[in-house]
Structure formats: structure tokens, C-alpha cells
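1. need a 3D model of the following:
(2 chains)
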Amino acid sequence: MQPFRFIHAADLHLDSLFIGLSGVTDQVRAHLRESTFAALENLVQLGVEEKVDFIVLSGDIYDAGQSSLRAQLRFQEAMQQLEHHGIPVYMIHGNHDPLDSPKANLRVPSNVHVFGPEVEKVIACHRGTGEPVAVVGGVSYRTSSITDNLALSFTRDSASNLFHIAILHANVDGNNEHDSYAPCTRNDLFRSGFDYWALGHIHKRQVLSVSPAIVYPGNIQGRHIKETGPKGCYVVDVNEESKCSLTFHELANVRWYEEELSIDGMQTEEDLKLNIEELLDVIREKSARKMSLVRIHITGRGILHHKLEAGYVLEDLLQEIRRREALHPVHQLVWIEKIKVATSAEVDHQLLIEEDSFLGELFRLGQKAERDEKLGEEIVDSALAPLAENRHIRQLLNKMSHEDKINLIKRAKEMAAALLHDHSDLG
Amino acid sequence: MVMKIHKLHIEGFGHIQQREFDLDENVTILYGPNEAGKSTVLGFMRSMLYGIPSRTYTQERYEPVHSGVHGGSMIASDEEGTKWLIERYAQPPEGTKLQGGRSERLRITRTNAEGNLEQLTQSEMERILLGGMSREMFKQIFAISLTELQEVALLQSEEMSSFLFHAGIGGGSSIVHAERKLTAEMDKLYKPRGRNQEAAKIIQSIEKLEDTIAESRLHIGRFNELAAELERTDKHLAELEQLKSKLQADVTKLQRTISVREAWLKLQEVKMELASLPVFSQFPENIVERWNMTQQELSNIHLTINELQRTKDRLLLEINSITLDEPLLEQSAIIDKLYSRLENYEKRKEELTQLKAEKESLQLQLSRILRQINAAWNEDDLQSFSGAVGEREAVRRYAEQFANYDREMDHLQSDLQQSRRRLSAAEMEVKSAEVRLSESVADGKNQFSMLKPADEEQIVSLWNELQYELDRWREQKMTIVSREQQQEAEIQFSRKMRSLYVKLFTGSAVFTVIMPLLLWLSGTTWGAAISAAVLLAVDVLLLQGLKNKQTSTRRGSFNKTKSREQNGAEERLQQLLSSLFHHPFTAAGRSGKADNFIIDAGEMERELQQIRLLMDRFKHFIQHNQLLRRDVESARSRWEVARAEVERVLIETSAQEQKFEQLEQDWEAWLVTRKLEPDLSPEAVLDIFAFTEQGMDIVHRIGKLDHRLAQTQQDCELFEDACCAVLEGRRPEEGVSAAAYLHQIGATLEEQKGRKQEWDKLRLQKDAVETQLSQNRDRLQQLSSLQDRLLQEGQASDEESLLRNAAAAERRKQLEQEARHLSLAIYTGLDQTEQEELNELLTHADGDELERELEHSRSLLRQHEMKLTALQELRGRLLQERESIESLHHKDDHLQQLEEQRTALAGIVDQYAVMAICGELMARTQKIYEEEKQPQVLKMASSYFWAMTGGRYVRIVMKVGHKELLVEHNNGSMIESARLSRGTAEQLYLAMRFALADSMSGLTKLPLLFDDIFVNFDAARLDGTLTVLQQVAEMHQIVLMTCHQHVVEQIKKVIPESKLITLSS
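-> Now for the predicted structure:
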């Protein structure tokens, strides 16, 4: 069989939002908004440069829910470029862009094959020789929520000895971080007889199996703190013996990081600032001409704790660092998404909890609330009752989990300690 | 320790002035009737601690009755025993310098543990001294009058509850602070229905963004609608376009048909006419014109020929009328040449006369010059006297030689004079030298006259001998000496001898000099030489003798015994001396005592000394003479030289004169050979050279003039000969010069030339006319044959039929061309079927019909075009809308902004939530405190109340939720405080205050100040209360004020250690 090469990408989520950012400058926002498209352009360029025979896209090209006309226009543009270079594209629709979602009426370029709601199979050819090299099977989501096991519908053409590729948007083995659409098991895939399962839906890059290859390339651009690290696609080389080798290529234009910084041993806010800036420089180095977004968890136990917990020290610090950071060219910029404070006071909580004092009483109450779900809920609900009056905030509150609430209680305790501690210092 | 007030000093407060109170005891009673000032003292204490109330609270301010100083001071001690001095005035006494504003002057001084004083502020005092107790709280709990006691509101106040329940962490105020801070922060972030909080702002922008987004969600539908509509429009457009082009074609066709209709009709006409005309094949072109042209030309030629014939005849006549002088004309060239040279000839003639005159004047000049040189000179002489450079050189040489001679002679003359001067000078010198010598010799003779020998040599030799003898003599003497006298004698002797020798030697020396000199002077050189030699020998001998004498004398002195020998020597000496000198010049010598002489050696030596001096002088004299002699010698030789010089000069002078003679002769010879005066000097001859040069110059110029004269003459003659040669046969009559005649002939010749020209011209004209004639005749021939050919071509017999035929052919040609043009105009661009269609249409429809049809088609077309434009506009609008939607989406980042705003909101909610929960936790903890701690206070209050009421009431209870107090009667019934009797209620409140004071005073035990609060108590209850009070007094300082004697007594009974201060009204 003739060796060939193709690209497998999934979950482009074009024009989808960056979650969890606030206080962003216009410049940064513009760059972020462009980043998914830039990643798509990188994909096209990669296809051209690597001289691939075709490209496989495993669903979730864009978020229909956001009804971004731009996403569709830009996608069409990219496909037209590939058309110009004569690179065929085999794509399916996933839960975010099902067939029944509102779509702009755009011409589908001739090189693009979109699979319908039933599994179908087409022949992919070698671009140089025009010789058939692979059977590509795929299926699109009819609607956003598909709970059938679509994998079962894939069966190998027993007559053909070509390489078999299946394109499927599905949650294999029930990853509970993602919605369980088109659920199936690894064994279902093994049984089908296909050589390469080009999967989409799970945004974390992973190779579930080597032979047959079962691959999630992950999404091409991280959009929130849970999508850290390099994001991109696989270039798959299939040799004469139908063995494939995968090479990962980063496409993302913005990279996410989650870092930890301990205040142990720091004396002043200035120390903290210097440490953060140092951290940012390390990230800048790592990202190599890409914008970076970073969440910093400040941990440890030290005298800075009270300053961070009470008042606007952290907010001011963040603003100052962001302001200075914004002076960097956009592709070297490191934007702090958030600074999460998880520090502790120097006070020993255990001692405090046994103390016969107001604060001790408060901590005892807090501990009780953390353990007693009902009490905890009651405290939080009554405290947040004024917030619930607002529609928008109510929405936010409704999303809050019990864990979130416990976390809030913990922080409230710290705050009380800080407040009362400060005050007793004065008194 | 407890806080204690030790001393009050009221300077002016209410009606109290300058009063001091000592409150050292734990319990102090201030007793006095009404208006004694008890309440004033209470007010004073409050004011000292918390400030004098402002004028608003007149009642509590206690302005002094007679104005003046308002305020005073207080001494207190805190828990640690530190002393505090508080001075406070609303109106300070004169001279105090306290800090403070208009309303109050205050100084708080603390004496700390080290005994140092320090000043503190009011708030520091409140914090440290009063344990943070607020003014209100102090007034409510610690410094109460009946009024405060009865106020129940106290127990419900927030502050009170804070104090009540939160004492656990160092004063309730921190919790209150924390709560306030939280509330403030939370209010900044969010308030239900607030509009300016951060959350509200974000929510506003969220809502705005949501609206925008909702709007843009509609866009995708619109986009698709637009796409569909566009497609429809495009299709419609295409259809219309097709229809329009068909209509356009119809219109075009009809328009064409109408436009060609005229032409088409014309074409039909032409075709008909053509059919009626005869057909010539190959009818010649332009035949009529050609015929006409030949005809015209023929008549022209006939006319020309006649004209030419007449001209020819006239010319012949004119030619014959002209006569010519042929021979003259033949010579015309030569005559012209002569004529041109005529002017030149006349100039020559004039020049000739001028030259002659010039020559004469030059000859005159020449003869004058010749005269100047020499009267005898002629031109030949001049010629022969060549002015060559050689000649000049010779003359110059002569002149130079003469000059040389003169110079030489002058020179010699001066030499001669000089030499002569030198000669006479030399002569003078010689004479003076000779005189000096002779003077010296004479002098010498005088001086040395005592010397015997005249010969100098002799003198010298004698002297030498003498000296020798002397020496010997001395020697002898020396050898003999053995005694002093002898020796002395010897010395004496030797001295004598020596002087003798000296004298001898001197004399001889003088002679040695003088003698030869004299001899030499007298001319006998040899004699002089010999005498000199002899004298010298004598001198030497004498000298020797002198020496010998000396030695011998010495020897002699040694050999005394040999005196004989000595005597012999002395004798010899004597002889020598006498031979040497004419006469002894010593005493010894003159006396002639030879014996004595020998004996007296000293004398001898003295003599000898003198002789030696004489001899020295003599020698000197001889030397001097010799020098003088040499002078004479040299002067003489110089004189000789000078004389020789004079002679030489004289000889040279004569030689020069001889040379001069010779030169003179040569010069004269030179002059004569050149025929010049012999007495001329060379300078004059040089002048003559100048004259000869001038003469020669003139001679040359004359020669040149001669030459030119000859030439000019020759030219004139040549010209005249040429004239004659030409005019041969026409010799002019005598008297007329060749030139004048030449003028005459010239004129005739000009006239003849004119005639000749005329004649030539006419001849030429005649020839031309003849040529033209023959040409015209040839042309005539050609034309008639051409006409014949034309008739033949035109298929005509004569001119008339030719013209007819030609007209018919022409018309046919015209018609054919027209038909061609018309069909071109009508049918161009049409294919066969279209042409037929067109013919059909034209054949069957007339003009009006066609017009109507065209109008119809046009209106249809217009309608379609309008529809088309409308559609295109619609399409444009659709495209624009689609584009605007696209661009809107390209720029759109509302969703991202919304996300950001939501994140920001979440952040605020998060902050708010933490704070809210914090607040909640604090509130709940407070509640717990209320539930747990309240019973503590109430328990204590209950026990106090129990004691006060003598066990009637057993418990005080506070209901959770509302803060009303209940009391439990010992019969078990619960009674609300409001329903208690006044006294009992007051006891309840007092009990509560005692309890509160205890529980609150976790930090500071403040004094309790009570102003007559027991008025409503019965004796038993008072007793009970006082018992409680005694108990309380262990923890607090207590000051009681009362106006009741029985109360005072009662207290004294219960608390005997209490101090009583009585105030009088």
C-alpha cells in the first residue's frame, strides 16, 4: 500500500470565548478573539507545508450557540485556501455545531466532504498519484445531544485492504469532565476493525490506543484555565504496512498556564511582586513568541497573608503588573488571568479553635458549618440572600457547588481572623 | 488594683467654687442637704473624665453661677497605681497656660512608674485609664443618678450588647469595628437595587451587552434570508436580461428598416433606368474631354505659327540695320589693359621728379660732411676710409697706449720722490748712529782711564789671570787657616784679591769691547777682530785668575805654614794688578805697600771687590759699544738700499720716455696714411669716424635713389611704347599725349561694344523663333492623327455621334455606381435570410406601419429596462446589507466582553460572598455569645437582686430575640420588669448594673458613682442593697451621694470604714 500522510484535528471551537478573564485591555482582547482563527490558519499552513494528502476534522468546528457568523465565514475562507492547494478535508459536526443548528448559508468548497447524520464511507486518495489510500468513514451529529452509541455503526469494508479511518465525535469510556455524548467504549472501537479512530469532543490530547490508533488530538486553542499547555493537532504518517506514526504540532496562538507561588519567606508586597514578575518572565521564555495567560495560586504561610486577605493589596498589585505587562508586544505578553490566594495566616488554626474567645467561637462555628452540610448551606444562603435579589447574580449563585460554598466559608473564616486580629492588635 | 479617684479640686463648677475633696477611701459618702452641690460634684467628675459638655447641654454643663473660672482638676490612679492629673477648664483661671480650643482647655499628666511626667490626650486617657469605656456607657453604668437608673433603653443598646457579649476578645468594640468595616466594603461592592456599586455597574454593562448580542443573534437568520433573496434576484435579473436583449434586437431591426427605406426605394428606381439604357462594352474613358482638348490645341497652334512668322521678319530687319568697327573691337582687350595701367604710369612720372629733387639735397649734405672731415677729402677718400671695426680698434688702442704712458709716468714720478725721501732719511739715520757711537767711546775712555792696557783684550786676559791668581791665593789662605785671626786676615786678603781681580777683569773687559770697536771704526776690520780676540783671551785669563785667587787664598789660609808659597801668589797678584791698572785706586794699592798688601788679606778682598765691580762695568760698556756699532752698520745698509732704489726709478723713467717717442711716431704715420692731419689726437679721429659714417650713409642713399630713378624712367618708357604699338595706324596728331589719346580711343571702343551686344541679342532671338516654328508645325501633324483615332474608338463617324455615345455611357456608369452604393447601405452586415426578410418587410409594409411597430417595441424595451434597474438596485442593497452584517461580525467581540464582565461580576460576588459569610459567621457567633454569656451576667445580677430583695426574687431572665427582662418571684411566677413596683424595678436595674460593671470590667475596674439612688428603697431593701454594695466595693471605688440622714447612718452601720464628707448648702 502506498504510504500517505494526513492531519487529524478536532474541536476547533472557532470564535469561542475565553472564560475567566476580566479587566482585559482592548489589545489583549483583540488578540484572544483572533487566536482561534490564527490557530486555524496555522492548521492550513501546516497542511500545505507538510504536504498532507488530506485533513480530518472531528467535529465542534464552531460553537453554534454563539451563532458567530464570523466563525463560519472564516472557516469557509480557510477551506477555500485548502481548496486552492488541492487538499481535501473530511469533517463531521459535533455537539456544538450539529446539523440542525442555525448556520449561515455558505457555499461548501469542493474539497470539503461533510458527513451526514448516518455513517457513510468515502475513499481518500494520494494527492500525488491520485491512487486510493484510505477509506474514511464518519458521521455528524444530527442534533446537539446524541446519546446513541454511534461507534457501533462503523464496520470495516471487508473487501477493502485500504487504511480505514473513522471520524467520530464522542466520549469514549465516559470521561466525566465532558458531556457524555455518543458514549461508547474502547472495545466498541476495537471491534469495528478500523485502523484509526479520529476522535473529537475531549479537549485533552490523548492517545487511548496505539493499534488501532484511538486518538483525541485535543482542541487547537485553549480557552480557559482547564485547557493549559500546548494545543494543536496530529500529523499522521501511515506507512506501507498501515502502521501510523503521530507527530504533534502546536497550533495555538495563546497558551494557558497554571502556576503556584509560595509566599514562604516573603516579607513585603514588593517581594511578592518581584517573584510574580520573575514567574512571568519564565513563562514568557517558555511560550516563545506566543501570548500566555496564567493563573497564579499564591500558597504558603507567612506574614503577607493578612495583607493579601484583607484590603486591596492584591488588586493593586495585579493592576500594576498587568499595566507593565501590557507594554510588551502582544506575542510576548503574559497576562495574569487571576491570582488565587490560598495562603494561611501564621496563626495556628488548631490553637485558635480551642481558644475561648470570640474568634475561637467563630472558628468552631465555621468548622461545624463546613462539616454539617445543612448548617453550611443555611449560613451561606442567609448571607448571600441579598445577592440573590439580582437576576444575573442569582444565575451565578445557582451554579455554585457545595464545595464552592465550603471554600467560601473557609475564606470567610480567614477574613474574620484577619479583621479581628488586626483590630485586637490596635486595641 | 482598681481605678481610683483620689482628689477633686473644683475651681468653679455650678455654684461650687474653690473646693477640694479627698476620696481616698474605698467608699465615700457625700452628705449634704439639697442644693449643697452633690449632683454638681457628680457632674464635675464626669466632666473631668469625659469633658465638660458643650453649651447645648446647659444642665450638665454646670456653668459657674457668677461666671469666672469654669473647671478644675482631678487626681486619679489607674489599675497599675500610676497617678494621673487631669486639669480641665471651659474657662481657665487667669494666668494658666493650658492647651486646647475655645470650648475647653485640657491637660492630662501621668506620672509613670519611673516617676517621669508625660502628657496624654483625652483618647489615650479613655483607653488607658478608663479601659475604653465610652462616655455614654460610663454615664449609664458607672456614674448614675436616679434618672439613668430608671432608663431601660440602656439594656437594649447595640453598644451595650457588644460590651455584654463580646468581651471575650478584648473589648467588643473590635467586633463592632469589624462589622462596620465589612458592611462598608460590602456596600461598595453591592447593594440590592443599588445603582452605583461595582456590581451594579457591571450588571448594567452585562445587560447592555446581552441586548446587543440578542440583536446580533438575529443576524444569521437575516444573513440567510439575504442569501436566498439574492439568489432569487439574480435569477430574475438573468431572465430580464435575456428578454431585454431580444427586444433590443427587434428595435434595432425596425430602426434599420426605417432608416434604409428611402435608399431601397431609390435603388428600385435606378434599376429600372438602367434597364432602359444601351450597353457599350469597353467604352473609352473621358473621350469627350480628350476630343475637346485636341480641338482646342489645334486652334491654338495655328495662331502661334502665324505670330512666330511675323516676329522672325521683324528681327531680320533690325539685324541688318546695325554697323560695326571690327578692327577696333579686336584690339579691345589690349586697350582695356593699357587703360587700367594708365593711372599707374602717371604716378610714376610724378615720382620721377620727386626722386630727382631728393638726390640733389643729399649731394649737398654729402659735400658738407666732407668739408667737416677734411677740406681735401672727396668721396673716394671717404670710401677708402673704411669705418671698419679694425680701424676703430686701432685708434682705441693708440688712445689706450697714450693713456697708459701717462699713468706709468705719473707712477714713476711719485716712486722717485718717495725713494729720494727714503734716501735722505737713511742718511740722517747713519749720521746719528755714528754720533751716538763716538759719544759712547769717548765716554768709555773717560770712565775706564785707570785701566792700563788700552787694549780691551789685554785687559780681559789680565783680569782673567788676576782672578786665577786670586783663587789660588785664597786657596792657600784657606788651607793655612787654623786660627780666627788668621782666618780673618785671610778673608780680608781674599776680599782684597777679589776686588783686585774684579778691577782687573773689568778693565780688561772694557778694553775687550772698546778696542775692537775702535779698530773696526777706524776701518781695520781684521785688526779689530784680532784685538777683540786677544782682549777676550785676557778677559778669560783674568777671570780664571780671579777664580784661582779665590781658591788659592783659601788654600793658603789652610796652609799657614806655607806662607811662603802664599806670599809668592800675592806677589804675582800685585804684578798683575799693576799691569792692569794705571794707578791703584784703593788705599792699599795707592800706598804701594806690597808687604802690607800681603798681610792685610781683608784689604785685599775689598780691593778686589772694587776691581770686580769696575770690570763688570767695563764689560757692560763693551757690550753697549758693540750694540751701537751694529746700529751704525744697519743704518748704513739701509742707506745703500734707498740709493739703489732711486737709481732704478730713474732708469725706468727714461725707458718709458723712449717707448712714448716710438708710439708718437707710429700714430703720426697712421694718420698720414689716412690723409688726416698728423696732429690729431685719437679722440678727434674717433669723432671723424662718426662723420664718415654719416657720409657713407648719404652716399648709400644717393646710390639707392639713382637705382630707383632709372627704374621709374624705364617703366614710363615701356608704357609709352605699348601705347604706340596698340595705336599703330591711328597715330594721334602731335601735341596729344599717348594718355590723352588713349582716353579718346577708349570712349569709341565702349560705343562699339554696345552695338555689338545689341546685334548678338537679335541674332539669338531670331534663332529661337525659328526653332519654335518648326516645333509647332510638328505638333499640328500629331493632333490631326489623334483626332482620327478618337473617332474610331468612340465608334462614331463624326464629332456629333461621338458626343452622344459618350453621354449615354457616362449615365450608365453613374447609375451602376449608385445602385452599388445603395445596396451596400441597405444590406451591409445582413446575411442572406435577413436580406430577404428585409426586402419582404419593405415590400409589404409602408413607412407609417413600420414607425408604429418601432414605437411599440421601444416602449416595451423601456419597461424592461426600468424593471432591470430596480432589480439591480435591490441586489445592491442586499449585498450591502450582507456585507454590513459580515463586517459587524468581524468586529464583534461583545460575547467576549460579556464573558469578561461576567467573570468580573463573579469576582465581585466572590468577594462579597466571603464578606457576607464572614458577617454572617460573626453575627451567629454573637448570638451564641448572647445565649451563653448572658446567663453569666444575669446569674450575677440575679444573686445581687436576690440579696437586695431579701430573697423575694430568685432569678432574672432575658428572652432570646427580644431583650426585655423578666424576674422570677420566689413563688415561681415570672414578672416582666415593666410591671414591677418602682422601687423593685430600680433595685433590678441596679442589680443589673452591678453585674454589668463586674462583667464588663474584665479589664478595668472603674469607680461607681451613685447620686441618691436609694430614695425609693425601704429600710430592709436598703440594708440588702448596702450589703451588696459592700461586696461590690471590694472591686470598685464607690462614691455615694445622699441628702438623707438615715441613709448615711445606715451606710455607716453597714460599711463602717466608709468616709463621710458633709457638704453644707
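
2. show me the domain layout of the chain.
-> Reading this off chain A. Recorded structural domains for chain A (assignment: automatic domain parsing) are A:4-250, A:253-343, A:347-427.

3. try again with chain B
-> Here the domain parsing of chain B from automatic domain parsing is B:201-280+B:822-888, B:454-636.

4. quick check: closest non-adjacent residue to B:E457.
-> Excluding its sequence neighbours, the residue lying closest to B:E457 (CB to CB, 6 or more residues apart in numbering or on different chains) is B:L535, at 1.8 Å. Quick note: C-beta positions are derived from backbone N, CA and C, even for glycine.

5. where does the one you found fall, phi/psi-wise?
-> Backbone torsions of B:L535, given as degrees, to the nearest 10, read phi -60, psi -40.

6. burial check on it, number of neighbours?
-> With neighbours defined by other CB atoms under 10 Å in any protein chain shown, the count for B:L535 comes to 30.

7. how far does stretch A:49-66 sit from its chain's centre?
-> Distance of stretch A:49-66 from the chain centroid (CA atoms, centre = their mean, to the nearest Å) equals 17 Å.

8. same question for stretch B:424-440.
-> Centroid separation for stretch B:424-440 versus its chain: 99 Å, with CA atoms, centre = their mean.

9. so how far is B:Q658 from B:L650?
-> Using CB to CB, to the nearest Å, B:L650 is found at 13 Å from B:Q658.

10. which of the two has more neighbours?
-> Remark: of B:L650 and B:Q658, B:L650 carries more neighbours, 14 against 9, as counted by other CB under 10 Å.

11. so after the helix or strand where that one lies, what's the next helix or strand?
-> When secondary structure is defined by DSSP states H and E, B:L650 falls within helix B:601-673. Later in the chain than helix B:601-673, the nearest helix or strand by DSSP H and E is helix B:682-726.

12. all helices of the stretch 901-1050 of chain B, in order?
-> B:982-1000, B:1019-1032, B:1045-1054 (DSSP state H, counting those that start in this stretch).

13. related to what we said a few turns ago, and among the domains of chain B, the most buried is which?
-> domain B:454-636 (a mean of 24; mean count of other CB atoms under 10 Å in any protein chain shown).

14. let me see the mean pLDDT of it.
-> For domain B:454-636, the mean pLDDT works out to 68.

15. any idea which of the domains of chain A is most buried?
-> Stretch with highest mean neighbour count among these: domain A:4-250 (a mean of 20; mean count of other CB under 10 Å).

16. quick revisit: for the residue nearest to B:E457, give its distance to A:Y257.
-> Distance, B:L535 to A:Y257, by CB to CB: 154 Å.

17. please apply the same query to A:K226.
-> 12 Å.

18. and B:V909, by the same measure?
-> Going from B:V909 to A:Y257 by CB to CB gives 25 Å.

19. A:N42 too?
-> A:N42 sits 20 Å away from A:Y257, going by CB to CB.

20. before we move on, what about B:D380?
-> From B:D380 across to A:Y257, the span is 146 Å (CB to CB).

21. now swap in B:F493 and tell me
-> Per CB to CB, B:F493 is found 156 Å from A:Y257.

22. try A:E355
-> Distance of A:E355 to A:Y257, computed by CB to CB: 40 Å.

23. switch the helices of the stretch 901-1050 of chain B over to CSV; also include mean neighbour count and distance to chain A.
-> Below are these laid out as CSV (neighbours: other CB atoms under 10 Å in any protein chain shown; distance: least, CB to the nearest CB, whole Å):
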stretch, mean neighbour count, distance to chain A
helix B:982-1000, 22, 15
helix B:1019-1032, 19, 26
helix B:1045-1054, 15, 37
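
24. got JSON lines for the ones you listed, with mean pLDDT too?
-> Below are those laid out as JSON lines (pLDDT from 0 to 100):
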{"stretch": "helix B:982-1000", "mean pLDDT": "84"}
{"stretch": "helix B:1019-1032", "mean pLDDT": "89"}
{"stretch": "helix B:1045-1054", "mean pLDDT": "89"}
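
25. out of those helices, which is closest to B:E114?
-> With CB to CB as the criterion, B:E114 lies closest to helix B:982-1000 of the helices of the stretch 901-1050 of chain B, at 31.0 Å.

26. which secondary structure elements does the closest one contact?
-> helix B:146-150, helix B:158-165, helix B:894-948, strand B:953-958, strand B:965-969, helix B:1019-1032 (3 or more CB pairs under 8 Å, 6 or more residues apart in numbering or on different chains; DSSP states H and E).

27. out of the ones you listed, which one sits most buried?
-> Among these, helix B:894-948 has the highest mean neighbour count (mean count of other CB under 10 Å), at a mean of 21.

28. so does that helix get close to chain A?
-> Yes - judged by CB under 8 Å from any CB of the partner chain, helix B:894-948 comes into contact with chain A at B:895-897, B:899-907, B:909-910, B:912-922, B:924-925, B:928-929.

29. related to what we said a few turns ago, kindly reformat the helices of the stretch 901-1050 of chain B as JSON lines containing distance to B:K939.
-> Shown next, in JSON lines, are these (distance: least, CB to CB, whole Å):
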{"stretch": "helix B:982-1000", "distance to B:K939": "8"}
{"stretch": "helix B:1019-1032", "distance to B:K939": "14"}
{"stretch": "helix B:1045-1054", "distance to B:K939": "24"}
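
30. ok, which stretches of the stretch 101-250 of chain A are strands?
-> With DSSP state E, counting those that start in this stretch, the ranges of strands along the stretch 101-250 of chain A come out as A:112-114, A:120-125, A:132-138, A:163-169, A:196-200, A:206-209, A:213-216, A:232-238, A:244-250.

31. quick check: closest non-adjacent residue to B:F21.
-> Nearest residue to B:F21 in three dimensions, chain neighbours excluded: B:L8, at 4.3 Å (CB to CB, 6+ apart).

32. which ones are touching the residue lying closest to B:R902 once chain neighbours are set aside?
-> Nearest residue to B:R902, sequence neighbours excluded (CB to CB, 6+ apart): B:I206, at 6.5 Å. The neighbourhood of B:I206, defined by CB atoms under 8 Å, 6 or more residues apart in numbering or on different chains, consists of A:H392, B:L898, B:Q901, B:R902, B:L905.

33. and the helices in the stretch 51-200 of chain A?
-> In the stretch 51-200 of chain A, the helices defined using DSSP H, counting those that start in this stretch lie at A:69-85, A:186-192.

34. the nearest residue to B:M974 once chain neighbours are set aside and B:E986, how far apart?
-> Using CB to CB, 6+ apart and skipping the chain neighbours, the partner closest in space to B:M974 is B:L966 (4.9 Å). According to CB to CB, B:L966 and B:E986 sit 17 Å apart.

35. now B:L237
-> B:L237 is 105 Å from B:E986, by CB to CB.

36. do B:W670 as well
-> 193 Å.

37. and what of A:H31?
-> Per CB to CB, A:H31 is found 78 Å from B:E986.

38. swap in A:E325?
-> Here A:E325 is placed at a distance of 71 Å from B:E986 (CB to CB).

39. what of B:Y468?
-> From B:Y468 to B:E986 the distance is 189 Å (CB to CB).

40. what mean pLDDT does the one helix or strand A:I379 maps to get?
-> In the assignment (DSSP H and E), A:I379 maps to helix A:373-384. Here helix A:373-384 scores 88 as its mean pLDDT.

41. beyond that helix, next helix or strand please.
-> Past helix A:373-384, the next helix or strand by DSSP H and E is helix A:391-398.
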